[in-house]
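Participant: Pasted the sequence and its predicted model underneath.
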Amino acid sequence: MRDFRCDLIKNIKPSGIRAFFDLVIGMEDVISLGVGEPDFVTPWRICEAAIYSLEKGVTSYTSNLGLLELRKEIAGYLEDRFAVKYDPAKEVLITVGASEAMDITFRAILNPGEEVIILEPSYVAYSPLVLLAGGVPVGVSMIKGEKFCLDISQIESKITDKTKAIFINYPNNPTGKSFDREELKGIAKLAEKHDLVVVSDEIYAELTYDYDHISFSSLPGMKKRTVLISGFSKAFAMTGWRIGYICAPNKIVEAAMQIHQYSMLCAPISGQVAAIEALRSGMKDVRFMKKEYNRRRSLIVDGFNSLGLHCENPQGAFYVFPSIKKLGISSNEFCNALLREEKVAVVPGDAFGEEGGGFIRCAYATSLDDIKEALKRIKNFLKRRDCL
């Protein structure tokens, strides 16, 4: 019998994160620094709003665009926090998480063979979603030795007559790097010069530590060139609610909504009700969680550097990306051996693209005690290899 899968899906690699964590299933006493999910539960006021809506019988479909009440709250939030104004009736679309937002954005803007520049290392879904939309992902490295930086000239060198978009994610998963205003202006100049759209994943916008987040669409002249993607999963500890959103010019929102209405129809109404409450009353909880993440950031960064593994201080999100290049083994070898011998789960850096080889990603969205114990076990692991 023939293989009924399409050729495209046969050639797309499975997620490097999920493939690695299949090994963890069934293991006892494992400390996981791998999954990018808050260890906090959704704040009760948010849950209660959804529960109350169910009790009132609010269980229907919504508009394909999402509840207008939620779109108004998102527009107000973005204007208040990041000084960018969107029309909630025409420029905001509620999606099933930020992942669906990325998927339908690429499908809405790309013709077959058009290229998207992606800054790497990058989250595992970006390049596959470009491929699934018929596009061509073009990676540009943000790694210089053991540091992470933005090289505008390198980005421009990859632009061709087939380039349609630049995709940015900041603060970045997996490195935690964010961009300041001057760096964003550099990208904006490229978009203007080469007539490109910028797709900006800002899901970690509320989780920045060293300076305030600047939304790309707030830069002069950039709103008309930007597809802003975000959601509620990370900052509000609402991963399972699956509520994200797209903010963009009306033509792009309408195009994405056409795909959304045939594939998803609408995001779950209970999740949308919860998201409304999150924006109305959840910022205090966000500030508390951010403060806790910042404490953990200091602990894990200092811990890796004290072990001799160079670890850049992340400017946002809840990941560190320490270098293991000095050890002379691959990221996969390191992670498998660490899991087998010390029962600490981290993600190989090359799961985030070839540029991530020689690094590992560790999420500090877990307790201080678990981070301390994980560092202790990693120290034991390195000692056995005479690396300390």
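Facilitator: Thanks, I have the structure now.
Participant: Tell me where this protein has strands.
Facilitator: 31-32, 92-95, 115-120, 136-141, 143-144, 147-148, 163-169, 197-201, 226-231, 244-247, 319-320, 344-345, 347-348, 360-363 (DSSP state E).
Participant: Now render these as CSV, adding mean neighbour count, mean pLDDT and distance to residue 302.
Facilitator: Just so you know, the C-beta spots here come from the backbone N, C-alpha and C atoms, and that holds for glycine as well. As requested, the strands of the chain are arranged in CSV below (neighbours: other C-beta atoms under 10 Å; pLDDT from 0 to 100; distance: least, C-beta to C-beta, whole Å):
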stretch, mean neighbour count, mean pLDDT, distance to residue 302
strand 31-32, 22, 92, 18
strand 92-95, 27, 98, 38
strand 115-120, 24, 97, 27
strand 136-141, 18, 97, 27
strand 143-144, 16, 92, 22
strand 147-148, 16, 92, 18
strand 163-169, 23, 98, 26
strand 197-201, 25, 98, 29
strand 226-231, 26, 98, 30
strand 244-247, 27, 98, 34
strand 319-320, 25, 98, 11
strand 344-345, 22, 95, 17
strand 347-348, 26, 95, 21
strand 360-363, 27, 97, 13
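Participant: Just tell me which of those ends up closest to residue 373.
Facilitator: strand 31-32 (5.9 Å; C-beta to C-beta).
Participant: Make CSV from the strands of the chain and add distance to residue 105 to it.
Facilitator: Shown next, in CSV, are the strands of the chain (distance: least, C-beta to C-beta, whole Å):
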stretch, distance to residue 105
strand 31-32, 30
strand 92-95, 9
strand 115-120, 10
strand 136-141, 14
strand 143-144, 26
strand 147-148, 25
strand 163-169, 9
strand 197-201, 6
strand 226-231, 5
strand 244-247, 6
strand 319-320, 23
strand 344-345, 31
strand 347-348, 25
strand 360-363, 24
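Participant: quick one: which of the ones you listed is nearest residue 81?
Facilitator: Between residue 81 and the strands of the chain, the shortest gap by C-beta to C-beta is with strand 226-231, which sits at 10.8 Å.
Participant: who does the closest one touch, helix- and strand-wise?
Facilitator: When contacts are defined as 3 or more C-beta pairs under 8 Å, 6 or more residues apart in numbering; DSSP states H and E, strand 226-231 packs onto helix 97-109, strand 197-201, strand 244-247.
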